[in-house]
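**Student:** let's see this in three dimensions:
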Amino acid sequence: MASSTSAPLTITSVNGKQNYTFALTVLTSLFFMWGFITCLNDILIPHLKAIFTLNYTQVMLIQFSFFTAYAIVSIPAGILVEKIGYKNGIVIGLITAGVGCLLFYPAAGYQSYIMFLGALFVLASGITLLQVAANPYVAILGRPETASSRLNLSQAINSLGHTIAPYFGSLIILAIAVKTAEELQLMSSADLDAYRLAEASAVQVPYLGLAAVLFVIAAVFAVVKLPKIEASEISASGDDGKNYHDMHKSAWGYRHLVLGAIAIFLYVGAEVSIGSFLVNYFGQPFITGLKEADAGKFVSFYWGGAMVGRFIGSAVQRKMRPAKMLIFNAFVAGSLVVVSMLTFGHVAMWAILAVGVFNSIMFPTIFTLAIDGLGKHTGQASGILCSAIVGGAIVPVIQGYFADTIGIHHAFFVPVLCYLFVAYYGMKGHKPSYLHAKV
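**Tutor:** Numbers count the residues shown, from 1 in each chain. The predicted model follows:
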């Protein structure tokens, strides 16, 4: 349980006071922004699928490019944050994400899918650095026993960004009616080029606006005073009374961290896969047959459910063991996906949307359970866990392959398998194991 250890990091207060309300408020803006930007991918997928005539496997390269950044950047980001500080890491992350947003302009202008993928990678690299710095920051700003609750609350604000983004994207990015393959074939070469340019350009203004906001937030973080946190040289003590965080030279020596990384890989993969397919799923005649712009608005219910669940979870976890909540939510989420696969129409639609409520507490709960007792290895562990978010790159592509081969309806068996492992982590995998040989 995350609350069983003392804080793995120490805090240097500002002006001798340890009042973290302002710091947490400022950090919360980051959770909102990266939630908003990440969820716009769910709108980009049907948009770019239509204008570049892609199959499901090809269009899932959007998520692959975005979430691969977590695998490549997270561990170096953890090292960087330990050297330059959490605040400076946040500033650099915001600037990098802003540059990624700016790159959408030439990508749209050249109508290049490859350039879109490159822009997404740069954008995600900045967000990765933000996550590596901000997650442990929030976890340490307060009492250790409420770290999971605090991170859940921040993730609820992250989900608010997820909730607003699909509706915003549907109004702006999906505003131009997508033409069918038959309609495209009947268009002249000049009309076709004009149509594709208009479709691609629909992303330019939104992402230029996002770049401006990110640069402004970076400037704010550069000048505000925040508590300094650093790796503690004071040993953390486990349930057996032994000092265990120095037993390993690396965070990789802890079984519950490694299994936690796998759990985050599969959880994020499942969550992203479901969100990525919703617009196209709801457009199927056997579900609801919605137009893309209308289907995109319903994606807000999926992420809105996660937001509501995180607010509830933040309160409930103050009285209930996080691991038990993780088990319950994983089993219910998997069951709802199965219901959607076995039904049709509005039952299938609302069952899959309801999964968002039970996704809610999974990431912050897994994260705090996985870093439990790692002491001075917490920075490295945060990088490892954030690199596991690459599951959002791999799992959607796997589901895309099955959507192309066995159909979009039954391809959802992939996230069901992911939720089963998350449930196992809540039951047994999260329990700290410290007695391995030194590594």
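**Student:** three-state assignment of V414?
**Tutor:** Secondary structure for V414, judged by DSSP: H, G, I helix; E, B strand; the rest coil, is helix.
**Student:** pLDDT value on it, please?
**Tutor:** On the pLDDT scale, V414 is placed at 96.
**Student:** check contacts around it.
**Tutor:** A270, S273, V395, I398, Q399, F402 (CB atoms under 8 Å, 6 or more residues apart in numbering). Any C-beta I mention is one placed from the backbone N, CA and C, and that applies to glycine too.
**Student:** residues contacting the nearest residue to I371 once chain neighbours are set aside?
**Tutor:** Excluding its sequence neighbours, the residue lying closest to I371 (CB to CB, 6 or more residues apart in numbering) is A381, at 4.9 Å. A381 sits next to A251, Y254, L257, A370, I371, L374 when contact means CB under 8 Å, 6+ apart.
**Student:** ok, so of these, who is nearest S340?
**Tutor:** A370 (29.2 Å; CB to CB).
**Student:** from G429, how far off is the closest one?
**Tutor:** From A370 over to G429 the distance is 9 Å, taken as CB to CB, to the nearest Å.
**Student:** hmm, who's touching stretch 155-167?
**Tutor:** Looking at stretch 155-167 with CB under 8 Å, 6+ apart, the contacting residues turn out to be 28, 31-40, 42-43, 296-297, 299-300, 303-304, 306-307, 309-311, 313-314, 360-361, 363-364.
**Student:** now, which of these lie within helices?
**Tutor:** 28, 31-39, 42-43, 296-297, 299-300, 303-304, 306-307, 309-311, 313-314, 363-364 (DSSP state H).
**Student:** follow-up on the earlier one: which of the contacts of A381 fall within strands?
**Tutor:** Among the contacts of A381, no residue falls in strands (DSSP state E).
**Student:** neighbour count and pLDDT added to the residues you listed, as JSON lines?
**Tutor:** Conversion of the contacts of A381 to JSON lines gives the following (neighbours: other CB atoms under 10 Å; pLDDT from 0 to 100):
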{"residue": "A251", "neighbour count": "26", "pLDDT": "71"}
{"residue": "Y254", "neighbour count": "27", "pLDDT": "76"}
{"residue": "L257", "neighbour count": "26", "pLDDT": "86"}
{"residue": "A370", "neighbour count": "29", "pLDDT": "87"}
{"residue": "I371", "neighbour count": "29", "pLDDT": "80"}
{"residue": "L374", "neighbour count": "25", "pLDDT": "73"}
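**Student:** in helices, which of those residues fall?
**Tutor:** Checking the contacts of A381 against DSSP H, those in helices are L257, A370.
**Student:** from the contacts of A381, which single one is nearest L48?
**Tutor:** With CB to CB as the yardstick, the closest approach to L48 among the contacts of A381 comes from A370, at 34.1 Å.
**Student:** who's in contact with stretch 294-306?
**Tutor:** Residues external to stretch 294-306 that are found in contact with it (CB under 8 Å, 6+ apart): 35, 39, 42-43, 46, 159, 162-167, 169-170, 174, 274-275, 278-280, 282-283, 288, 290, 349, 352-357, 359-360.
**Student:** overlap in contacts of A370 and G429?
**Tutor:** Counting by CB under 8 Å, 6+ apart, the residues touching both A370 and G429 are H256, L259, G260, A263.
**Student:** which one of these is nearest F221?
**Tutor:** Out of those, the member with the shortest distance to F221 (by CB to CB) is G260, at 28.4 Å.
**Student:** count of neighbours near the closest one?
**Tutor:** Residues lying near G260 (other CB atoms under 10 Å) number 26.
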